[in-house]
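S.K.: just a sequence and a predicted model for now, questions to come.
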Amino acid sequence: MKPTKQKILESALRLFNENGIVNVRLQHIADEAFVSVGNLAYHYSNKEAITNALYDALTKKQKDLLAEYRIVPLFDNIDRLLQHTYQLQEQYIFFYLDTLEIIRAYPTIGQTHQGHIASQISQLKTILDFNASRGALRPEAVEDSFEKLAVQIWMTMDLWMTQQAIRSSLANSAQNYTKAIWNLLIPYFTEMGKREYEQMLERPYDFYF
């Protein structure tokens, strides 16, 4: 039998993903988890506490992904990172669709998230620097261009679900997600980078291992 706290979080995540965070009340979560509101409140005093716990779980998984792939971020590794990131965003889609509402309602989460974004951008820039140093990307032609590119990549990654929902797009898939991000990098490819990218596309692998 699952612990009550786990049942509450899983139920909240399911409801937040299906209905949006603003449309879910504690009673809804308690009913979904088959617990009383009093029992729910014993573990999580309010919806902010539940949201914070889900956010902590999300960011931990994001950090684990980056830690796994940032050591030697060759193109294959980057592509796997993007695939797994897309899967993670699907799992916690409520946060990406409701980010602005969440950080407005819960400033503490907002402050934490700002720091998390800065860390993500910094690690993306490190990946760019590494690939430039090994000759797969052209060096920065203008100072801070990789910093700006890292911000563009972060925006594409974190705002993908939102813009797809706004456009009611049928093209929301892991393949289109990764393609959109690679399209930001293609103009920076050296000849070596082009060859490596083409080889990566020709060599399928299992993204779900």
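M.R.: Here it is on my side, so go on.
S.K.: which other residues reach stretch 148-156?
M.R.: I117, Q120, I121, S122, L124, K125, L128, A180, I181, L184, L185, Y188 (C-beta atoms under 8 Å, 6 or more residues apart in numbering). Placement of C-beta: from N, CA and C, glycine included.
S.K.: okay, the residues you listed in TSV with secondary structure and neighbour count next?
M.R.: As requested, the contacts of stretch 148-156 are exported to TSV (DSSP: H, G, I helix; E, B strand; the rest coil; neighbours: other C-beta atoms under 10 Å):
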residue	secondary structure	neighbour count
I117	helix	14
Q120	helix	20
I121	helix	17
S122	helix	11
L124	helix	24
K125	helix	19
L128	helix	21
A180	helix	16
I181	helix	22
L184	helix	14
L185	helix	20
Y188	helix	19
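S.K.: pretty sure S36 sits against A30.
M.R.: Yes. With contacts counted by C-beta atoms under 8 Å, S36 reaches A30, the gap being 6.2 Å.
S.K.: go through the contacts of stretch 148-156 and name the one nearest N52.
M.R.: Among the contacts of stretch 148-156, I117 lies closest to N52 (C-beta to C-beta), at 16.8 Å.
S.K.: three-state assignment of the closest residue to the closest one other than its chain neighbours?
M.R.: Among residues not flanking I117 along the chain, W154 sits closest, at 6.8 Å (C-beta to C-beta, 6 or more residues apart in numbering). Per DSSP: H, G, I helix; E, B strand; the rest coil, the secondary structure class of W154 is helix.
S.K.: how many residues are close by E202?
M.R.: Using other C-beta atoms under 10 Å, the number of residues around E202 comes to 7.
S.K.: contacting residues around it?
M.R.: By C-beta under 8 Å, 6+ apart, no residues touch E202.
S.K.: where in the protein is pLDDT low?
M.R.: Residue ranges of the chain with pLDDT under 70: 1, 69-71, 204-209.
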